[in-house]
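only geometry, no sequence info:
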């Protein structure tokens, strides 16, 4: 019984038929001098907005049938005016069916584009599952902007090392396939180098090299590199990115701001390849939030930015994954009244340290690698701005 009923309902549009019946009611109650045959065309017009071409044609057929039956019931003789009314219904139905078919084609094409964009974004920015790496618990989330077919340049990942984890959070300038390609290059360089590099500065240099090897692409990327060790020490290298937010278990919030800011990846050669550096020690239960500017730049209908510093209490409840969920709901409530929704993608990564507090270690910025140590002697990039800032094996810059 249900299958034939669904087939019949698929041949007409319910709202369109309802509009036809409303016009028929007006036609019945109107004075004899008033005839409304052209008004029945509202049925297929409504159907075109909501349904497929077949349903538009079916709704148009219902409109024609109702108009003919009422004319016959009222004993209206066939006149040129009456015939033109029926022709109007038929023409509107045909044009609306054509419009519905074009709309359906564009909708399918947009769905394919959005799916391709989603798959590409997932390949570049795979979900970091809620997990534990040694003394660190990890959770992540990603909130896409309103344009579902747009591929963003946000990227992040976590790589476990022998005594902790290394973290990357960043945002490539712009959107689209070129930005996605740059993000993929940076993630590949991070995943490869973070696993074996002796210190975090070397990882940052290899990220700069990854951008320099992209021929014809002068994009830059803001980023934060971090390392959390088993004894609670945390080092962050900042390349022009929003500083991570450190939430102490005992209360209090602070930004992991470097003493001196660093330039974005791709522009670091203008400042000696020295990122902004911050070192601290985490205690049991402390959390640190890494995020892109899509979080702090999320706006409501009045243009007010999301007040992250005032909403940090959301990040203290439950597990890291639950805390990110609460924060995401709050951001959605903040932006839901805005017509455009979110203006930018937002990537979030929340780490919780569950080990014991270590002994603070004095900050130390390691020396830059030499060109041969970084592999510049075999790299195909000529006139590389990164290599120009590195010392040679003799310790002298050329």
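Looks like it arrived, so ask away. Quantities reported herein were computed from a predicted structural model and do not represent experimental measurements. Numbering: from 1, shown residues only.

hey, let's count contacts and neighbours off CA atoms from now on
Noted.

low-confidence ranges in the stretch 1-150 of the chain?
For the stretch 1-150 of the chain, applying pLDDT under 70 flags the ranges 1-10, 30-36, 73-82, 117-118, 120-127, 129-130, 144-150.

pLDDT at the residue nearest to residue 317 when sequence neighbours are not counted, what is it?
Spatial nearest neighbour of residue 317, excluding adjacent residues (CA to CA, 6 or more residues apart in numbering): residue 323 at 5.5 Å. Here, the pLDDT recorded for residue 323 equals 93.

residue 323: neighbour count?
Residues contacting residue 323 under the criterion other CA atoms under 10 Å number 19.

counting by contacts, list what the helix or strand that it is a member of packs against.
Residue 323 is located in helix 320-335, with elements delineated by DSSP states H and E. Applying 3 or more CA pairs under 8 Å, 6 or more residues apart in numbering; DSSP states H and E, we find helix 320-335 packed against strand 136-143, strand 346-353.

before we move on, back to that, so what's the residue nearest to residue 317 up against?
For residue 323, the contacting residues are 314, 315, 316, 317, by CA atoms under 8 Å, 6 or more residues apart in numbering.

for the host helix or strand of residue 88, packing partners?
Using DSSP H and E, residue 88 sits in helix 80-124. Here helix 80-124 touches helix 42-50, helix 53-73, helix 177-193, going by 3+ CA pairs under 8 Å, 6+ apart.

now with 7 Å?
Judged by 3 or more CA pairs under 7 Å, 6 or more residues apart in numbering; DSSP states H and E, helix 80-124 is in contact with helix 42-50, helix 53-73.

rewinding a little: for residue 160, which of the helices and strands packed on helix 320-335 is the nearest?
strand 136-143 (10.0 Å; CA to CA).

distance from that closest one to the middle of the chain?
Put simply, strand 136-143 sits 15 Å off its chain's centre (CA atoms, centre = their mean, to the nearest Å).

list the neighbouring strands of that strand plus their orientation.
Sheet pairing of strand 136-143 (DSSP bridges) gives strand 131-133 (antiparallel), strand 346-353 (antiparallel).

what are the buried residues along the shortest one?
Spelled out, it's strand 131-133. In terms of neighbour count (16 or more other CA atoms under 10 Å), strand 131-133 has its buried residues at residue 133.

please apply the same query to stretch 302-315.
306, 308, 312, 314, 315.

endpoint to endpoint, that stretch covers what distance?
25 Å (CA to CA, to the nearest Å).

what's the mean pLDDT across it?
Across stretch 302-315, pLDDT averages out at 89.

just give me how far it sits from the chain centre.
Here stretch 302-315 is found 19 Å from its chain centre; the criterion is CA atoms, centre = their mean.

what does stretch 176-190 give?
Using CA atoms, centre = their mean, the offset of stretch 176-190 from its chain centre is 15 Å.

what's the distance between residue 65 and residue 59?
From residue 65 to residue 59 the distance is 10 Å (CA to CA).

please read the previous query as pertaining to residue 137.
58 Å.

out of the two, which sits in the busier spot?
Between residue 137 and residue 59, residue 59 has the larger neighbour count (other CA under 10 Å), namely 31 against 19.

that older thread, would CSV of the buried residues of stretch 302-315 with secondary structure be doable?
Formatted as CSV, these follow (DSSP: H, G, I helix; E, B strand; the rest coil):
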residue, secondary structure
306, coil
308, helix
312, helix
314, helix
315, helix
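
in TSV, list those residues along with distance to residue 247.
Shown next, in TSV, are the buried residues of stretch 302-315 (distance: CA to CA, whole Å):
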residue	distance to residue 247
306	18
308	12
312	8
314	11
315	8
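
out of those, the closest to residue 257 would be?
Distances from residue 257 to those, taken by CA to CA, are shortest for residue 308, at 15.8 Å.

is the closest one in contact with residue 296, as I believe?
Yes. The pair residue 308 and residue 296 passes the contact test of CA atoms under 7 Å, sitting 6.3 Å apart.

quick one: low-confidence parts of the stretch 151-300 of the chain?
Those would be 151-152, 268, 271-272, if you go by pLDDT under 70 across the stretch 151-300 of the chain.

tell me where it has helices.
Using DSSP state H, counting those that start in this stretch, the helices of the stretch 151-300 of the chain run over 177-193, 200-212, 293-296.

residue 275 is nearest to which of the ones you listed?
Evaluated with CA to CA, the helices of the stretch 151-300 of the chain place helix 200-212 nearest to residue 275, the distance being 8.4 Å.

tell me which of the helices and strands packed on helix 80-124 is the most buried.
For the helices and strands packed on helix 80-124, the largest average neighbour count (mean count of other CA atoms under 10 Å) is found in helix 42-50, namely a mean of 25.

show me what that one is packed against.
Checking 3+ CA pairs under 7 Å, 6+ apart, helix 42-50 ends up next to helix 14-29, helix 53-73, helix 80-124.

what's next to that helix, contact-wise?
13, 15-17, 19-20, 55-56, 59-60, 63, 93, 96-97, 99-100 (CA atoms under 7 Å, 6 or more residues apart in numbering).

same thing but at 6 Å, please
Residues from elsewhere that reach helix 42-50 (CA atoms under 6 Å, 6 or more residues apart in numbering): 13, 16, 17, 19, 20, 56, 59, 60, 93, 96, 100.
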